[in-house]
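Asker: sequence first, predicted coordinates after that:
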Amino acid sequence: MSYKRKTDDASYEHVVPLKTSKEVDQVEAALLNQGKHNPRQTKVSPVGVRNVMLFEVGIFTGLRASDIITLKVEDVKNDRSEERRV
């Protein structure tokens, strides 16, 4: 099954949901490579780590991107630095 998503130029593109853990792993690998200036660089960039973390918050909580970008640290951690359910 695919879905249509409206783009900035008012056209539509087909979007297919991730269905397998292999697909999720492929997306995470691609996200980890973001922010590298040299594709052969073996060190993971902070930008890539951030992007994977945001992706995982979305897939593990079911939050939409618009919900994730409004999250604050206090929304997910309490004063004792313990995790809290969102």
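Answerer: The structure has been received and is ready for your questions.
Asker: going forward, measure contacts and count neighbours with C-alpha atoms only.
Answerer: OK.
Asker: where does this structure dip in pLDDT?
Answerer: 1-2, 35-39, 78-86 (pLDDT under 70).
Asker: scan it for its longest helix.
Answerer: Secondary structure assigned by DSSP state H gives helix 46-61 as the longest helix of the chain.
Asker: list the helices and strands that one packs on?
Answerer: helix 21-32, helix 65-68 (3 or more CA pairs under 8 Å, 6 or more residues apart in numbering; DSSP states H and E).
Asker: how far does the last one sit from its chain's centre?
Answerer: Shown here is helix 65-68, whose average C-alpha point lies 10 Å from the average C-alpha point of the whole chain (CA atoms, centre = their mean, to the nearest Å).
Asker: ok, the longest one next?
Answerer: Distance of helix 21-32 from the chain centroid (CA atoms, centre = their mean) equals 10 Å.
Asker: which helices and strands sit right next to that helix?
Answerer: helix 46-61.
Asker: and the helix it packs on with helix 21-32, angle?
Answerer: Using axes from the mean of the first three to the mean of the last three CA atoms, to 10 degrees, the direction of helix 46-61 lies 150 degrees away from that of helix 21-32.
Asker: number the residues from 471 up from this point.
Answerer: New numbering, starting at 471: the last item is helix 516-531.
Asker: can you pull the buried residues of helix 516-531?
Answerer: 518-519, 521-522, 525 (16 or more other CA atoms under 10 Å).
Asker: can you list contacts of that helix?
Answerer: For helix 516-531, contacts defined as CA atoms under 8 Å, 6 or more residues apart in numbering pick out 498, 501-505, 533-535, 538, 556.
Asker: of these, which is the most crowded?
Answerer: Neighbour counts for the contacts of helix 516-531 (other CA atoms under 10 Å) peak at residue 503, which has 23 neighbours.
Asker: state the distance from it to residue 492.
Answerer: Distance of residue 503 to residue 492, given as CA to CA, to the nearest Å: 17 Å.
Asker: repeat for residue 527
Answerer: 18 Å.
Asker: again, but for residue 545
Answerer: Per CA to CA, residue 545 is found 30 Å from residue 492.
Asker: go on, residue 519?
Answerer: 19 Å.
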